[in-house]
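**Student:** make a model of this:
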Amino acid sequence: SEIYRSLPAELMIALTHLMCDVHVPAGATIIQQGSANDDVYIITGGAFEVLLVDDAGEARRVATIQPGEVVGEMAFLTGEPRSASIRATVASRCLVLRAADLKPLAFENPALLLRMSSVLIRRLRRSA
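**Tutor:** The predicted structure follows:
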């Protein structure tokens, strides 16, 4: 993943000990728009779609997510509710970094927060 690629080896080792490998069936939602969850997900296999739900409850696909991409970093960094839903389009896999585990490590290692922020800013610029 772009976020973690250039981090020091010691930090990468610490991160790998925190990750949980999750198998996601096709059609399952890993992030629900509006939820308070701030875990971070690294997509390792399959494919996901990003859905925005309007006030009428209609979901609209706005993007797709492929292996290697990270999702959930916006809620992790801001503490705000999820801005979109993420749903598997096929049987997929991801690594989950629980916010409760990631926050202490991130605050001890500002380089991690800087990498997450820079990737998020580039993503927002592309979508604008």
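**Student:** mind jotting down where the helices sit in the protein?
**Tutor:** For the chain, the helices defined by DSSP state H occupy 9-18, 73-78, 99-108, 110-127.
**Student:** in a markdown table, list those along with mean pLDDT, distance to V62 and mean neighbour count.
**Tutor:** (Glycine included, C-beta is placed from N, CA and C.) Converted to a markdown table, these look like this (pLDDT from 0 to 100; distance: least, Cβ to Cβ, whole Å; neighbours: other Cβ atoms under 10 Å):
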| stretch | mean pLDDT | distance to V62 | mean neighbour count |
| --- | --- | --- | --- |
| helix 9-18 | 82 | 28 | 12 |
| helix 73-78 | 88 | 14 | 18 |
| helix 99-108 | 88 | 24 | 15 |
| helix 110-127 | 77 | 8 | 14 |
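**Student:** I30: which of the ones you listed is closest?
**Tutor:** Counting by Cβ to Cβ, I30 lies closest to helix 73-78 out of the helices of the chain; the figure is 12.4 Å.
**Student:** check which helices and strands the closest one sits against.
**Tutor:** Applying 3 or more Cβ pairs under 8 Å, 6 or more residues apart in numbering; DSSP states H and E, one finds that helix 73-78 makes contact with helix 110-127.
**Student:** now with 10 Å?
**Tutor:** Under the contact definition 3 or more Cβ pairs under 10 Å, 6 or more residues apart in numbering; DSSP states H and E, helix 73-78 sits against strand 40-45, helix 99-108, helix 110-127.
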